[in-house]
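A.B. asks: Sharing a sequence plus its predicted fold:
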Amino acid sequence: MKRVFRSAKKADSSNNNDSVFPDSIPKSSLVSTSNPSKSDINSVNAPPHSGSTMSISSRSTASGVDPCESARNTPTSAKQFQPTRLQTNVQVCARIRPVLVSESKETDSFFKIPKRRTFLPIPSSRKSLTGITQSNNHSKRCPDETLVAWDVSGGSTTASQAIQIQKIQGRTHSYTLDKVFDSSITTQQIYNESVHPLVQAAMEGYHSTVLAYGQTSTGKTYTMTGTKESPGLIALCIKDCFRFVQQNEEPREYLFRLSYLEVYKEHIRDLLNSKTPPEPVRLFDGPNGLIIRGMKEEVVTSAQQVFQLLQQGEQRRQVGATHMNQHSSRSHVMVRLWIESSGGDQDDNTRISSLSLVDLAGSESVRLNGAERREEGHYINKSLMTLGQVVLSLSDLSSNNGVNKNGKEQHIPYRDSKLTRLLQPSLSGNAQMLLLCCISPLASHLEESHNTFKFATRAKRIEQKATIQTVQDKDETLLQTYRDEIEDLKQQLAEAKEQKRQLLELQSVSSTAKILSSTTSTLGALNYGEMETATEEIQELVEAIQNMEKLILKSRPHPSLEETLPVSSMLDVTLESLLQSDDEGTDDDEEMLVDEHIGRVKSDVAICVKSSTSSRSPAGDSEDELHSELSRIRGLLGSVLQRRGVVASQMASPEKEEIRKNLVFATPPRLPQTPDRSLSEELDAAMPFDEPIESEEKKAEVETLRKQLEEYERATTMCKADSSFLQKQLQEKDKLLEEVSNLLEAVEQRQAQLENENALLKQEVDSLKKRRSGTSINRS
Ligand SMILES: Nc1ncnc2c1ncn2[C@@H]1O[C@H](COP(=O)(O)OP(=O)(O)OP(=O)(O)O)[C@@H](O)[C@H]1O
């Protein structure tokens, strides 16, 4: 009678301590579901797992904001989360990295400010710009604080700033961006200032993208991936997404899916897929946008799980040494988190949005590297050039109302590279986007920095009108699929429990019949095999439901498995059978049942405890609830084990004694003789609240009384649980007794009937015998 059900499978992830992603967790605590069948085809505009049939409607548009206002909110509490104020243009920021130790020899290439010069003074508070003072090994203070390549005017907290390139010849260029972060600003500060609003937008249902752009060795990977000491934007974003769920006061359910891709030499590789050779990932145009075929997605339930997956993917990435960067990224990388959310069963408004975090490979001079690096550099530069053209066309489009200078519809060359095709949904307007340009402080890199700023100012002109992404047919979402599956499993569980209850009833009737008469026991022998299967099935179903429920994250306590399926339900079933079995069978049977039930109770308790802890929502149930559930379980167990203890000791079997000793939970302590109230009174008398206790004897007395009180309180709690359990059992027993007496009555009636029949038959036999003897006399 095994049922077939799909259960969430555990991710096979390994832990690598070298990860820069924080808080890696042990393999065993991971639960994730990869859904290759569903994620095989992914549409980027539509929910990716559902192929091309999804239709998406746009709901609302917002515009006109102070770009910095929302950015200033640090992500401290979700109670502060206000609806995101959307940006009408791509946000563009620059980050100037510090001078590295390895570069200090290049200080000659810095612009030396002649002592006589009066313009471009460096205020003492901003001297960090000239040389870097962070306490990490990569950087150090420049030998001469008068050396400078860049000036960031206005400080990094103003909305727009000018960066001036100061050339020895005196030429000056200035660029105005949304924000410029000098080398003293940390990644966390950048996150708080500029990235957090995008994460919030993504959680609210807007597609959001963060793109790190810049020449090689300017700090893109440092900014996006970070180090152990300074986590990158990816880690900060992911953590904030999960924190948002925990802290959001609006009751919503969330489902997160993660994908991790790299574009290497114009090939898209799935970094979550461990298959070798890697499966090809292909792009197609679908009716609802881009379709990505062959990409794996992982359903993720915690930031730690995401970090572990990214860490594994990281090891499959293409990284190599170039003349400028020992660990240069040789590919463009995209981490994408899909966020499905819904307000509950009644809410049709299921939202699907994505948060894309992109670390582009850096452009570089291909001349300076070897053949392999040259080829890679060629592909990198080509795709970046296409990105530049796409950005140029889009910015022209924005300035000319959708037509080019000749009045014709503007062509956007998305298809010219894999990178731009992948970025199309982020660039084409229906998304919030932040472009983070990474800049080298070195004067020798001025040309590239200049190009980066040109790209940045073009991108800044691109208009965007992000809208909340909703799904009309919510059955198409993975969130709804999982919900349906959980309902289905719960249904199966109810059936399995009913089946087990019937088996138990059959057992008790059967054993009663056995007691009454061994010959009339036609109701069937005890079928332990079937019972075992039913118990196993219940266990499997409970675990499957728990695993499925874990995949759906809830913003605040929702009715969980514990409500629909009380933690102790399985325990109750087992205990029921345990107590009923007291009356049945021979000594041998009894012994076998003791073993069997003790084993079962142990495993049920393990499941119940697991269920109590694991089915908690990320928001976290209260510790109190957990403790009270555990003490309830203890009480129940105490009662049962006490009973079993009596049976086992009656059998005087040393093995049974051993089993009892080894049990996890002890039987409840016997009630102390002293009543509760007098104990407290004694304690009060021994330890007046306002008087310090000085005598050692008194201290010992107080300690003994305290221990007794604690023991008594514990015993009372257990007895309460025990008594309600016993009451339930008593009711069951009464019911059974009634059934037995009915059966007895029926048997007695039948017996009387049979006796009557017997007497009649006897009379008939006697009369026949008489008749026969009369006939034989006549014959003779
Ligand atoms: N803000 C910073 N503070 C300290 N060190 C930094 C900072 N930014 C970058 N670095 C260091 O500079 C070096 C190059 O950085 P990174 O590898 O991130 O550059 P990149 O732009 O990703 O290069 P590529 O495009 O070649 O991959 C690294 O050693 C990194 O640790």
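C.D. replies: Great, that's in hand. Residues are numbered from 1 along each chain as shown.
A.B. asks: Going by proximity to the ligand, name the top residue of the stretch 451-600 of the chain.
C.D. replies: Distances between the stretch 451-600 of the chain and the ligand by CB to the nearest ligand atom are smallest at residue 452, namely 10.7 Å. C-betas here are computed from N, CA, C, even on glycine.
A.B. asks: how many other residues sit next to that residue?
C.D. replies: 23 (other CB atoms under 10 Å).
A.B. asks: repeat for residue 543
C.D. replies: Around residue 543 there are 17 residues (other CB under 10 Å).
A.B. asks: Which SSE is immediately downstream of the worst-scoring helix or strand of the chain on mean pLDDT?
C.D. replies: Every helix and strand in the chain was compared by mean pLDDT, DSSP states H and E; the lowest is strand 56-61, with a mean of 28. Downstream of strand 56-61, the first helix or strand assigned by DSSP states H and E is strand 91-96.
A.B. asks: which helices and strands sit right next to that next one?
C.D. replies: strand 172-177, strand 179-181, strand 432-439, helix 446-460 (3 or more CB pairs under 8 Å, 6 or more residues apart in numbering; DSSP states H and E).
A.B. asks: Show me where the stretch 151-300 of the chain has its strands.
C.D. replies: 161-166, 172-177, 179-181, 208-214, 253-264, 267-270, 282-286, 289-293, 298-300 (DSSP state E, counting those that start in this stretch).
A.B. asks: hmm, back to that, let me see the contact set for the residue of the stretch 451-600 of the chain closest to the ligand.
C.D. replies: 94, 213, 214, 215, 218, 437, 438, 439 (CB atoms under 8 Å, 6 or more residues apart in numbering).
A.B. asks: Where does pLDDT dip in the protein?
C.D. replies: 1-87, 103-173, 318-328, 344-348, 364-373, 398-407, 472-476, 508-528, 556-694, 714-725 (pLDDT under 70).
A.B. asks: how about residue 249, phi and psi?
C.D. replies: phi -80, psi -20 (degrees, to the nearest 10).
A.B. asks: Begin at 543 from now on, thanks
C.D. replies: Sure thing, new numbering starts at 543, so read that last one as residue 791.
A.B. asks: what's around it, how many residues?
C.D. replies: Quick note: residue 791 (other CB under 10 Å) scores 10 neighbours.
A.B. asks: any idea how far the ligand is from it?
C.D. replies: 36 Å (CB to the nearest ligand atom, to the nearest Å).
A.B. asks: Which among the strands of the stretch 693-842 of the chain is found nearest to the ligand?
C.D. replies: strand 750-756 (5.6 Å).
A.B. asks: Helix 988-1002 and that closest one, what's the angle between them?
C.D. replies: 160 degrees (axes from the mean of the first three to the mean of the last three CA atoms, to 10 degrees).
A.B. asks: State which one residue of the stretch 893-1042 of the chain is found closest to the ligand.
C.D. replies: residue 904 (2.7 Å).
A.B. asks: Not counting residues beside it along the chain, what's closest to that residue?
C.D. replies: Distances taken as CB to CB, 6 or more residues apart in numbering put residue 758 closest to residue 904, at 3.2 Å, once the chain neighbours are dropped.
A.B. asks: What number of residues are in the vicinity of the one you found?
C.D. replies: 23.
A.B. asks: got the phi/psi numbers for it?
C.D. replies: phi -60, psi 150.
A.B. asks: these two touch, right, it and residue 902?
C.D. replies: No. Applying CB atoms under 8 Å, one finds residue 758 not in contact with residue 902, separated by 10.3 Å.
A.B. asks: Tell me the bridge partners for the closest residue to residue 766 other than its chain neighbours.
C.D. replies: With CB to CB, 6+ apart as the criterion, residue 766 has its nearest non-adjacent residue at 4.1 Å, and that residue is residue 901. For residue 901, the beta-bridge assignment (DSSP bridges) gives partners residue 754, residue 875.
A.B. asks: What residues does the stretch 693-842 of the chain have near the ligand?
C.D. replies: Taking CB under 6 Å from any ligand atom, the part of the stretch 693-842 of the chain that reaches the ligand is made up of 756, 758, 759, 760, 761, 762, 763, 764.
A.B. asks: ok, now with 5 Å
C.D. replies: Counting by CB under 5 Å from any ligand atom, the residues of the stretch 693-842 of the chain close to the ligand are 758, 759, 760, 761, 762, 763, 764.
A.B. asks: Name the member of the residues you listed with the most neighbours.
C.D. replies: That'd be residue 760 among these, by other CB under 10 Å, with 29 neighbours.
A.B. asks: shouldn't it be in contact with residue 978?
C.D. replies: No. Look at residue 760 against residue 978 with CB under 8 Å: they stay out of range, at 10.5 Å.
A.B. asks: Pick out the most distant pair among the contacts of residue 994.
C.D. replies: 636 and 757 (12.2 Å; CB to CB).
A.B. asks: joint contacts of those two?
C.D. replies: With CB under 8 Å, 6+ apart, residue 636 and residue 757 have common neighbours 980, 994.
A.B. asks: the more surrounded of those two?
C.D. replies: Counted by other CB under 10 Å, residue 636 and residue 757 do not tie: residue 636 has more neighbours, with 28 against 22.
A.B. asks: And that one, how close does it get to residue 1000?
C.D. replies: 14 Å (CB to CB, to the nearest Å).
A.B. asks: so which helix or strand takes in the residue nearest to residue 1072 when sequence neighbours are not counted?
C.D. replies: Distances taken as CB to CB, 6+ apart put residue 1045 closest to residue 1072, at 6.0 Å, once the chain neighbours are dropped. Under the criterion of DSSP H and E, residue 1045 resides in helix 1020-1058.
A.B. asks: Quick check: buried residues in the helix or strand that that helix is followed by?
C.D. replies: Remark: after helix 1020-1058, the chain's next helix or strand is helix 1070-1093, criterion DSSP H and E. For helix 1070-1093, burial by neighbour count (16 or more other CB atoms under 10 Å) applies to 1073, 1075-1077, 1079-1093.
A.B. asks: Using PDB, list the CA coordinates for helix 1070-1093.
C.D. replies: Output in PDB follows, covering the C-alpha atoms of helix 1070-1093 (Å, rounded to 0.1, in the frame of the first residue of the first chain):
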ATOM      1  CA  TYR A1070       2.200  -6.400  12.200                       C
ATOM      2  CA  GLY A1071       3.600  -6.200   8.700                       C
ATOM      3  CA  GLU A1072       0.800  -4.000   7.500                       C
ATOM      4  CA  MET A1073       1.000  -1.900  10.600                       C
ATOM      5  CA  GLU A1074       4.700  -1.400  10.100                       C
ATOM      6  CA  THR A1075       4.200  -0.300   6.500                       C
ATOM      7  CA  ALA A1076       1.500   2.100   7.500                       C
ATOM      8  CA  THR A1077       3.800   3.700  10.200                       C
ATOM      9  CA  GLU A1078       6.600   4.000   7.700                       C
ATOM     10  CA  GLU A1079       4.300   5.500   5.200                       C
ATOM     11  CA  ILE A1080       3.100   8.100   7.700                       C
ATOM     12  CA  GLN A1081       6.700   8.900   8.600                       C
ATOM     13  CA  GLU A1082       7.600   9.400   4.900                       C
ATOM     14  CA  LEU A1083       4.600  11.600   4.200                       C
ATOM     15  CA  VAL A1084       5.300  13.700   7.300                       C
ATOM     16  CA  GLU A1085       8.900  14.200   6.200                       C
ATOM     17  CA  ALA A1086       7.900  14.900   2.600                       C
ATOM     18  CA  ILE A1087       5.400  17.600   3.800                       C
ATOM     19  CA  GLN A1088       8.100  19.100   6.000                       C
ATOM     20  CA  ASN A1089      10.600  19.200   3.200                       C
ATOM     21  CA  MET A1090       8.100  20.800   0.800                       C
ATOM     22  CA  GLU A1091       7.000  23.400   3.400                       C
ATOM     23  CA  LYS A1092      10.600  24.300   4.000                       C
ATOM     24  CA  LEU A1093      10.900  25.500   0.400                       C
END
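A.B. asks: Neighbouring strands of the following helix or strand past that helix in the sheet, and parallel or not?
C.D. replies: Sequence order places strand 1095-1096 as the next helix or strand after helix 1070-1093, per DSSP H and E. In the sheet, strand 1095-1096 lines up against strand 795-806 (antiparallel) (DSSP bridges).
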